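Engineer: just need the structure, nothing else, for what follows:
(2 chains)
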Amino acid sequence: MNKRLVIKVLGVLMLIEALAMLPSLGIGLIHKDPRDAKAMLYSMLPLIAAGLPMWLLAKPSENNMRAKEGFVIVALAWLQLSLFGALPFVFSGMIPNYIDALFEAVSGFTTTGATVVTDFVNRPHGVMFWRAFTHWIGGMGVLVLTLALLPQMTGRTSHLVRAESPGPSMSKIVPKMGDSAKILYLIYAVLTVIEFIALIIAGMSVYDAAIHALSTAGTGGFSTYGASIGAFNSLAIEIIITVFMVLYGVNFALYYHALIGDWKAITKSEELRWYLGIYLFSVVFITIFISPMYGSVAKGLRYSTFEVASLVSTTGFGLVDFNTWPQAAKALVLILMFLGSCAGSTAGGMKTIRVALLCKIGVREVRRTFQPRKVQVIRFEGKGVEEAQLSQIAVFFFVYLALILLGMLLISLENRFDMQANFSAALTCVSNVGPGFGAIASDFAGYGSFAKIVLSLLMLAGRLEMFPILVLFHPAIWRKG
Amino acid sequence: MRILVIGDGKVGHTLVEHLAQEGHDVVIIDSNDEVLERTQDTLDVMCIRGNGANAQTLMDAGAKKADIIIAATASDETNMLCCLIGKRMGAKYSIARIRDPEYNESLSMLRHELDIDMAINPERATAVEIGHLLRFPFAANVESFARGRVEMVGFRAQEGDPFIGLPMKDISRELKGIPQVLYALVEREGQVMIPVGDFSIRPGDLVHVAGDSITITNYFRYLGKSSVKIKDVMLLGGGRISYYLARILVPTGTRVSMIEIDQKKAEQLSEALPEVNVIYGDGTDQELLEQEGLRQMDAFVTLSNRDEENLMTGLFAVKQGVPKVIVKNNRVAYADLIGSLGLDSVVSPRSVTCANILRYVRARANSGEGTMVEKLHRLVGGKAEALEFTAKAGDPYIGIPLKDLNRRKNTLVAVIVRQRQVIVPFGGDHIEAGDTVIIISCESGISDLNEVIRK
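Structural biologist: Numbers count the residues shown, from 1 in each chain, chains lettered A, B, ... in the order given. Alright, predicted model coming up:
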């Protein structure tokens, strides 16, 4: 492995993380909170102290990035991002325990939104902003950001982006990777600003609007209140956030097509149809079951549109507690936690395209049992899908399930909560959703350090779509050559 | 520039590699997922699966806004169709690979009717290149610039050559009696460098010298290298390159033998090329080669379809003492290896085709701004380039002695051609508007004279 190249890139990423802490420092200074200034400055120091020499002194003998280096860089980058990203929580005294802080940071960068914070009164503004900002960076990806800022940094970058961007196949929107990254971040930033302004108009304070806009953009789910969006009790805010949650679950390439006036790409997108289909079906289904509970269809619809959007986009904002819903609605909530949104969006989960293809594979297999000689090519977006890709998706599904089950087993070792809580904790972490059932309906504070580390790894594995993190555990990757 | 390449084959891939490196926005279309995946992994380009002659695919790939569309699929017809459709959609220029000799006959008409801006025939281009090499048999390669006024010749330095061991800065003083040429490039153990200062040439180095054609001829006569003249040539394989090469060689009075393994093909060749001695047999059969007088040949060119066969037979010919052996090899990765085996002259249709197309693309990329790249030659397996520019009036470097200009590293202003005069420049020389300037560089991607010399 080209270790020097890995070190150099990781050094650059440290500097970028330090840079990303500047806005939080600014917010802290505006609010004149000494805890913020201390926390952010103390956290930036080690990043710069380690990053600068790594960047300047590592001299790679060749700039050649193979699949191996690409995956290792992505996995280590995210670990490093989280390890250092946890520091502001510790230094500010907001989350004194480092493992808890690490869980919070991983949850932030992976846009999960699962939290260990139970008390939201008198929290340092800058650090709370940092907490939301991790969602924003993690949503589109830190390596994509690096590419947008420094397109010439490394030679072959397709492995990096492939490992970081969600979905089974990476599709570039323009020929050059650097340009693609710039366009993606631009669309992302513009959407964020629009939501920010809309939230202010709907009556949020500027600070809350910023936090919630960032949090929605990354489909994360961190809020400034324990009751999440429920705390505002404003229909306008709920509608705005619902709309944006759904929007961030759409493949960003489609926005680019819209911008250049290519509407055909959008009307033709099969994944978008599946995504919206799943959304609408779930809203109707859940509305039917929860309306009696809230006394009116209007209320049922209000809560189900929001909650389904929050789950499908894997954001995890809460409006009402779905733990109190009837069993049928709860069962669908659990299923939605698996699905996730479109490839190329900022959401987590399995991704609509994989779900759609798995359904098609299933149907094909059924037909094959009684009509074995029929040639059946699976089509998606109007094109035949290669068998190799189909089997990759089937394997992905297996690994996804296996990780959830293994995670459940491991956190059950602590023997703290029941199986419902443990299963939903593993699922919600791998899918990067956030809330779960039972004991973890609002926070994860009840778990011990071991479970938090396991869950952190699950969140990272989920965000990077399993393999980049699993690669680190394969001995062959560390062997010479 | 936005460049659309159709066909991710040998030529397509190499082209895309260079175009992407030079910063163009490249989209490549191929129907094979597997090759596209490899390209996607290694290069920063957009890959689209589909048939390049399909209007919808071309539309998706952005043919409307493309500056150049290059069709390099295996089929001539597809290539022509791609160019035709692409042009109609709005692409500015089109380049098609057209290799069938039958189309070649009516090429100018086809090009006009289909509105193709450049048609490249890899086999013909390769044959022309080999023809060049046979003119200077001691040379590993020969390039000519400025309509043949300037020539650059690469050859292996041998023990006893007068320049061995002399530092470059003293060479013109020490070798007063010899025609003065420019020592432009030296390749040693796979490393390419521009010899300057204290650098001295060792035996075994591959040296490139440049100068006007007469001086070059005199220089080699003085070194005692140009006494051999090629009279008898044997070609292994009766493919298209052999056909074109025979058509080039026969009129110059060279006797050509051609070995072809397929009886029918051999008969056809014999009919089409009555002056050529066509032999029906297996060209890798050593007995046959000896029987047909390999040892008496002045040159042996291996042009079969298999790289390995070409190499092995080529090595055999070297062993038999044939003075000039040229090997066709399509895999660039082997180039270094072959050099170490004592086979100096390797031609690759892929490199020849790419060089031709790149030359055109660069010229287009620069038209309108800065100076124009007239020609681009890739040297020593693509590790160095020679570029021909025309200096434009109004550029900042005009009239300033070269020693007062900032010159780019690893780059050499090799030759200036002013009207009919060829100047090998020293620090005191300057460039005038309208001069043809030849630049040699170990870097690729130079497209403007202003990138090389600045005030």
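Engineer: tell me the secondary structure for residue A:333?
Structural biologist: Three-state assignment for residue A:333 (DSSP: H, G, I helix; E, B strand; the rest coil): helix.
Engineer: pLDDT at it, what is it?
Structural biologist: If you check residue A:333, the pLDDT there is 94.
Engineer: give me the contacts around stretch A:264-284.
Structural biologist: Applying C-beta atoms under 8 Å, 6 or more residues apart in numbering or on different chains, the external contacts of stretch A:264-284 come out as A:246, A:249-251, A:253-254, A:257-258, A:301, A:304-305, A:308-309, A:311-312, A:332, A:336, A:339, A:341-343, A:352-353, A:355-356, A:380-382. Every residue, glycine included, has its C-beta placed from N, CA and C.
Engineer: now do 6 Å
Structural biologist: For stretch A:264-284, contacts defined as C-beta atoms under 6 Å, 6 or more residues apart in numbering or on different chains pick out A:254, A:257, A:304-305, A:308, A:312, A:332, A:342, A:352-353, A:356, A:380-381.
Engineer: now those residues: which count as buried?
Structural biologist: The neighbour-count test (16 or more other C-beta atoms under 10 Å in any protein chain shown) marks A:254, A:257, A:304, A:305, A:308, A:312, A:332, A:342, A:352, A:353, A:356, A:380 as buried among the contacts of stretch A:264-284.
Engineer: quick check: the residue positioned nearest the centre of chain B vs chain A, distance?
Structural biologist: Nearest to the centroid of the C-alpha atoms of chain B, with distances taken as C-alpha atoms, centre = their mean, sits residue B:352, at 4.3 Å. According to C-beta to the nearest C-beta, to the nearest Å, residue B:352 stands 26 Å off from chain A.
Engineer: contacts only, for the spatially most central residue of chain A.
Structural biologist: With distances taken as C-alpha atoms, centre = their mean, residue A:111 lies nearest the centre of chain A, 3.5 Å away. Taking C-beta under 6 Å, 6+ apart, we find residue A:111 in contact with A:135, A:138, A:139, A:218, A:219, A:220, A:432.
Engineer: same question, residue B:376
Structural biologist: So residue B:376 contacts B:358, B:359, B:362, B:387 (C-beta under 6 Å, 6+ apart).
Engineer: can you name the element that comes right after the host helix or strand of it?
Structural biologist: Element membership of residue B:376 [criterion: DSSP states H and E] is strand B:372-379. Counting by DSSP H and E, the element after strand B:372-379 in chain order, helix or strand, is strand B:384-390.
Engineer: and that following strand, which strands flank it?
Structural biologist: If you go by DSSP bridges, strand B:384-390 pairs up with strand B:372-379 (antiparallel), strand B:436-441 (antiparallel).
Engineer: just to revisit the earlier point, look up phi and psi at the residue nearest to the centre of chain A.
Structural biologist: phi 60, psi 40 (degrees, to the nearest 10).
Engineer: same check, this time on the one 3 residues further on
Structural biologist: Listed backbone geometry of residue A:114 is phi -80, psi 140, with angles given as degrees, to the nearest 10.
Engineer: tell me how many other residues crowd it.
Structural biologist: Neighbour count of residue A:114, defined by other C-beta atoms under 10 Å in any protein chain shown: 31.
Engineer: isn't it up against residue A:108?
Structural biologist: No - between residue A:114 and residue A:108 there is no contact under C-beta atoms under 6 Å: 9.6 Å.
Engineer: how about the strands in the stretch 151-300 of chain A?
Structural biologist: Under the criterion DSSP state E, counting those that start in this stretch, the stretch 151-300 of chain A carries no strands.
Engineer: so which residues on it come close to chain B?
Structural biologist: Proximity of the stretch 151-300 of chain A to chain B is confined to A:158, A:172, A:175, A:176, A:177 under the rule C-beta under 6 Å from any C-beta of the partner chain.
Engineer: against residue B:25, how distant is the last one?
Structural biologist: Using C-beta to C-beta, to the nearest Å, residue A:177 is found at 11 Å from residue B:25.
Engineer: how about residue B:343, secondary structure?
Structural biologist: Put simply, residue B:343 is coil when judged by three-state DSSP.
Engineer: so what's residue A:150 closest to, chain neighbours aside?
Structural biologist: Closest residue to residue A:150 apart from its sequence neighbours, by C-beta to C-beta, 6 or more residues apart in numbering or on different chains: residue A:12 at 7.0 Å.
Engineer: the one you found: neighbour count?
Structural biologist: 21.
Engineer: so who does the residue of the stretch 151-300 of chain A found nearest chain B touch?
Structural biologist: Relative to chain B, the nearest point of the stretch 151-300 of chain A is residue A:175 (4.1 Å; C-beta to the nearest C-beta). When contacts are counted by C-beta under 6 Å, 6+ apart, residue A:175 touches B:25, B:26, B:27, B:45, B:46.
Engineer: packing partners for the helix or strand harbouring residue A:129?
Structural biologist: Per DSSP H and E, residue A:129 falls inside helix A:125-140. Judged by 3 or more C-beta pairs under 6 Å, 6 or more residues apart in numbering or on different chains; DSSP states H and E, helix A:125-140 is in contact with helix A:22-30, helix A:34-57, helix A:98-109, helix A:206-217.
Engineer: and the angle for that helix with helix A:34-57?
Structural biologist: Interaxial angle, helix A:125-140 versus helix A:34-57 (axes from the mean of the first three to the mean of the last three C-alpha atoms, to 10 degrees): 40 degrees.
Engineer: identify the residues contacting helix A:125-140?
Structural biologist: So helix A:125-140 is in contact with A:20, A:24, A:27-28, A:31, A:33, A:36, A:39-40, A:85, A:88, A:92, A:94, A:108-111, A:188, A:211, A:214-215, A:217-218, A:220, A:222, A:346, going by C-beta under 6 Å, 6+ apart.
Engineer: can you pull the buried residues of it?
Structural biologist: So for helix A:125-140, counting by 16+ other C-beta under 10 Å, buried means A:125-140.
Engineer: report the distance from it to the chain centre.
Structural biologist: Distance, stretch centre to chain centre, for helix A:125-140: 12 Å (C-alpha atoms, centre = their mean, to the nearest Å).
Engineer: now swap in stretch B:17-33 and tell me
Structural biologist: Remark: stretch B:17-33 is offset 21 Å from the chain centroid, using C-alpha atoms, centre = their mean.
Engineer: now stretch B:198-207
Structural biologist: Offset of stretch B:198-207 from its chain centre (C-alpha atoms, centre = their mean): 23 Å.
Engineer: end-to-end on that stretch?
Structural biologist: Start-to-end span of stretch B:198-207 (C-alpha to C-alpha, to the nearest Å) is 16 Å.
Engineer: what's around residue A:385, how many residues?
Structural biologist: Residue A:385 has 19 neighbouring residues, counting by other C-beta under 10 Å.
Engineer: what of residue A:206?
Structural biologist: 10.
Engineer: of all the buried ones among the contacts of stretch A:264-284, which comes closest to residue B:152?
Structural biologist: Nearest to residue B:152 among those is residue A:257, at 49.5 Å by C-beta to C-beta.
Engineer: who's in contact with that closest one?
Structural biologist: Contacts of residue A:257 by C-beta under 6 Å, 6+ apart are residue A:265.
Engineer: hmm, 7 Å instead?
Structural biologist: A:265, A:266 (C-beta atoms under 7 Å, 6 or more residues apart in numbering or on different chains).
Engineer: my read: residue B:288 touches residue B:261, true?
Structural biologist: No - here residue B:288 lies out of contact with residue B:261, judged by C-beta atoms under 7 Å, at a distance of 10.3 Å.
Engineer: circling back to that earlier point, tell me the SS of the residue nearest to residue A:150?
Structural biologist: At residue A:12 the chain is in helix, as set by three-state DSSP.
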